[in-house]
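# My questions concern the predicted model and sequence given below.
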Amino acid sequence: MAVGVGTPVPAAAETVAVGTTRADAADDPEIWVDPSDPSRVVILGTDKQAGLYSYALDGAVLGFIPDGQLNNVDLRGAFPTPQGERVLVAASDRGRMGAALYLMHPSTFEIAAWGLVPLDLPEPYGLCVGRRGEDFLVFINSTDGQVRQLRVAAGPDGSVQAVEERRFAVPSQPEGCVVDDLRGRLYLGEEAAGVWLFDTAARGTAQGRIVAAAPSEMLQPDVEGLTLLHEPGGPSWLIASSQGDSAFAVFRADGPELEYRGRFSVVAANGVDAVTGADGVAALGGAVGAFAQGLVVMQDDADTQGEAPDTRREQQNFKLVDWAEVRRALGL
């Protein structure tokens, strides 16, 4: 993969590379920040050959759960359990054919395996978590286009309670997805065709439509990671990985329709190499540690030491980008 063709945005930092080398391994990140203390931040990232990493904001490894073939990861805080509120973490599990669930303690950042929801999917692939009122939802898709919508809760004894609410599909392989809790929207990427929009209702047939097509000037297949960044008191932005040309498409997402606002690519800076062939992406608006306006984290298909260009897949990691730099570059 060549360095991307979008408007250049500098890399700010990077994580330690995942342990699996010379393979497609690092896949999808997610970010959690303490609502009462924005200096307390955890970045999660999957090694889809080995398990789940947690990182500090400086990229150092906080922990690792050797839990197999985890592909996509997502989370929601303030999840009620008999032991108090936890952060619900979910990951698609390609080895055990289901949704792997974890609970993170918001005070200690300790992540513990909670349970597995088996699914009748040929290969669980993409996954995202959302809320609908008091309900916590997990959407998980398969390489054949099927999607399962689950409602997840902790029972009186703390065990996993998962109920399938709906099932639907897109024509070909999907992966990345993200839920807009405020507006009851599910965005789902069909890798070769673009971004779909569905609602998150509990019942009824899901009637989706493509709201950003690929291939196009916006997206070059594969359409990979999807994330939403909500600016406190301001607009919401959908960011989509355009893996085919190592770029990221940005859409304003708080209106009735998506409004395409441009593309960016992450270039070498601050001793960090450029992002090529990006897969998963995560974003969070507002203060995230030293990132006063927000943070974007994305997978890098070929991580190298320093800023020297190298597109060999020797190792993979996750890059950090200041949202203020994206806003400035695209004139948002």
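Thanks, I have it.
# Now do the strands in the stretch 51-200 of the chain.
Ranges of strands in the stretch 51-200 of the chain, per DSSP state E, counting those that start in this stretch, are 51-55, 61-65, 70-79, 86-93, 98-104, 111-118, 124-132, 135-142, 146-154, 160-169, 174-180, 185-190, 194-199.
# export those strands to JSON lines and tack on mean neighbour count, mean pLDDT and distance to residue 243?
For every residue, glycine as well, the C-beta is placed using N, CA and C. Compiled in JSON lines, these are given as follows (neighbours: other CB atoms under 10 Å; pLDDT from 0 to 100; distance: least, CB to CB, whole Å):
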{"stretch": "strand 51-55", "mean neighbour count": "23", "mean pLDDT": "98", "distance to residue 243": "21"}
{"stretch": "strand 61-65", "mean neighbour count": "16", "mean pLDDT": "97", "distance to residue 243": "26"}
{"stretch": "strand 70-79", "mean neighbour count": "22", "mean pLDDT": "98", "distance to residue 243": "14"}
{"stretch": "strand 86-93", "mean neighbour count": "26", "mean pLDDT": "98", "distance to residue 243": "18"}
{"stretch": "strand 98-104", "mean neighbour count": "23", "mean pLDDT": "98", "distance to residue 243": "24"}
{"stretch": "strand 111-118", "mean neighbour count": "17", "mean pLDDT": "97", "distance to residue 243": "28"}
{"stretch": "strand 124-132", "mean neighbour count": "24", "mean pLDDT": "97", "distance to residue 243": "14"}
{"stretch": "strand 135-142", "mean neighbour count": "23", "mean pLDDT": "98", "distance to residue 243": "17"}
{"stretch": "strand 146-154", "mean neighbour count": "20", "mean pLDDT": "98", "distance to residue 243": "20"}
{"stretch": "strand 160-169", "mean neighbour count": "15", "mean pLDDT": "98", "distance to residue 243": "22"}
{"stretch": "strand 174-180", "mean neighbour count": "26", "mean pLDDT": "98", "distance to residue 243": "10"}
{"stretch": "strand 185-190", "mean neighbour count": "25", "mean pLDDT": "98", "distance to residue 243": "10"}
{"stretch": "strand 194-199", "mean neighbour count": "21", "mean pLDDT": "98", "distance to residue 243": "13"}
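# Now distance to residue 38 too, for the ones you listed, in CSV please.
Output for the strands of the stretch 51-200 of the chain, formatted as CSV (distance: least, CB to CB, whole Å):
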stretch, distance to residue 38
strand 51-55, 17
strand 61-65, 17
strand 70-79, 13
strand 86-93, 15
strand 98-104, 17
strand 111-118, 20
strand 124-132, 21
strand 135-142, 23
strand 146-154, 27
strand 160-169, 30
strand 174-180, 21
strand 185-190, 26
strand 194-199, 29
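# right, so of these, which gets closest to residue 12?
Residue 12 lies closest to strand 51-55 among the strands of the stretch 51-200 of the chain, at 13.9 Å (CB to CB).
# tilt between that closest one and strand 61-65?
Going by axes from the mean of the first three to the mean of the last three CA atoms, to 10 degrees, strand 51-55 is angled at 160 degrees with respect to strand 61-65.
# what comes into contact with strand 51-55?
15-16, 18, 42-47, 61-68, 70, 73, 89, 91, 102, 109, 111, 318 (CB atoms under 8 Å, 6 or more residues apart in numbering).
# how near is residue 103 to residue 37?
Separation of residue 103 from residue 37 (CB to CB, to the nearest Å): 20 Å.
# Also residue 58?
Residue 58 sits 17 Å away from residue 37, taking CB to CB as the criterion.
# swap in residue 219?
Separation of residue 219 from residue 37 (CB to CB): 37 Å.
# for residue 50, same thing?
31 Å.
# same question, residue 170
Relative to residue 37, residue 170 is positioned 40 Å away (CB to CB).
# who's more crowded, the two?
Neighbours per residue (other CB atoms under 10 Å) separate residue 170 from residue 37, with residue 170 holding more: 21 against 9.
# what's the closest non-adjacent residue to residue 85?
Nearest residue to residue 85, sequence neighbours excluded (CB to CB, 6 or more residues apart in numbering): residue 78, at 5.2 Å.
# Okay, that neighbour and residue 283: tell me how far apart.
Counting by CB to CB, the separation of residue 78 from residue 283 is 20 Å.
# same thing with residue 220?
Distance from residue 220 to residue 283, counting by CB to CB: 20 Å.
# Mind checking which of these two has more residues around it?
residue 283 (28 against 19).
# was I right about residue 132 contacting residue 202?
Yes. Contact status for residue 132 versus residue 202: in contact at 7.3 Å, counting by CB atoms under 8 Å.
# Understood, closing this out.
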